Structures are given as C-alpha cells and as structure tokens.
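[1] Could you look at this predicted model? Sequence included:
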Protein chains: 2
Amino acid sequence: MKNLKLKSARAAKDLSQGDLAALCGVSRQTINAIEKGDYNPTVNLCIAICRALGKTLDELFWEDENDEE
Amino acid sequence: MKNLKLKSARAAKDLSQGDLAALCGVSRQTINAIEKGDYNPTVNLCIAICRALGKTLDELFWEDENDEE
DNA sequence: ATTATTTGTCAATTATACTTGACATATAGT
DNA sequence: ACTATATGTCAAGTATAATTGACAAATAAT
C-alpha cells in the first residue's frame, strides 16, 4: 500500500527522499519504506514528516496505512 | 507527556483500558503506556484507536506525543 | 470487611521500526 | 564517455514498540 499522499506532498516541496529524511532526523531508507508503504512508522515520525511538509496527520496518514498490504 | 485527549475520549465511550485494548487488538499495558504517554505508538495502532473511539488522528494525536517527555 | 474491576507499574521476552553500508538502475548535466 | 543526484532494494545490526505474567493500590458495590 503506497503512500502517494506523502509522495506528492514531498514533490510539492521539491524535496528528495534524502532531504526529507534529514529534516525528520531519520534515514533515507526509512522515508523510502514509508512511501513504498509496506510498513508502519511511529506516530512521532509521522508528526515530524507532517511538520516538515506543512501537513497534518489526517492529511498524510489517515485511511492509507491501515488497509495494509 | 500524558495523552489526556485519548483518556477523555475513552472515558466518553465508557470503556476501560482493557476494553479499548481488546477493540484494538493490543494488550492493556500498551494502552496504559500510550495514555501515560512516555512512548511512541505506531501509526497503525493510533488509527485502530481512533476508529474504536470515533475520532481522527488529528483529534487524538496531533501536538501531544511530540513534545515528548 | 470482602469481592470485583480498573488502573499503575515492574521484569523479561518477542516482534518490528529504524539504522548503516552497500550495490544497481535511471535521469540529467558536462 | 563521465559525473552527480535520486530512487529502489538487500542484508545485518540496534533500538524500541508491544507482549505475557504478575503484583499492589484505588474505587465502587455488596
């Protein structure tokens, strides 16, 4: 289950996966895995991503991650 | 950093920590720890909690978990 | 006083989020 | 052709979310 909302919000800010990872204090692979969607980040990381992209949890993570795989 | 929004949303539905845990498929201790607030649940669990309580991520988890400790 | 339910908290284990390091591919620049 | 950046993915390790089991204290009921 890809997270396309995240991918497009990141593209809208013209950030690479690596850029966003640095802003959130995680590795590039972690951002890649979240966008790819086959796992389940912690809420604090979700919040960090939202802050970096100027979005809220509901905008990026509501009804996506849950219909898993 | 206690999550009082969660605690009060649960109280509003007259559910015990154990009840909510069962609805979410996790242990009572996990719900207790999240309300107590000293850790960082996964977003899928947050979503399960929101669904059980009829709330959204923004309502229960936005700007709480992040000002950690 | 006692019985039952809820909550708080501990210790030890298991599952998994997240890391580092590396390699392949694709695209664009020079 | 070469160089650089962005992405996708793998394997092995570390950090921590979540588990089970147990016990104590508080509340409410009888």
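    Alright, I've got the coordinates. Numbering: from 1, shown residues only, chains lettered A, B, ... in the order given.
[2] tell me the mean pLDDT for the top helix by length along chain A?
    As assigned by DSSP state H, the longest helix anywhere in chain A is helix A:43-53. Averaging pLDDT along helix A:43-53 yields 97.
[3] Beyond that helix, next helix or strand please.
    Later in the chain than helix A:43-53, the nearest helix or strand by DSSP states H and E is helix A:57-61.
[4] Spell out whether that following helix and chain B are in contact.
    Yes - contact of helix A:57-61 with chain B (C-beta under 8 Å from any C-beta of the partner chain) involves A:57-58, A:61. Placement of C-beta: from N, CA and C, glycine included.
[5] List just the nearest of these to residue B:3.
    Residue B:3 has its nearest neighbour among the residues of helix A:57-61 next to chain B in residue A:57, at 13.7 Å by C-beta to C-beta.
[6] How about the closest one: what's its closest non-neighbour residue?
    residue B:57 (3.8 Å; C-beta to C-beta, 6 or more residues apart in numbering or on different chains).
[7] so what pLDDT did the one you found get?
    We have a pLDDT of 97 for residue B:57.
[8] That one: how many residues sit nearby?
    Under the neighbour criterion other C-beta atoms under 10 Å in any protein chain shown, residue B:57 is assigned a count of 24.
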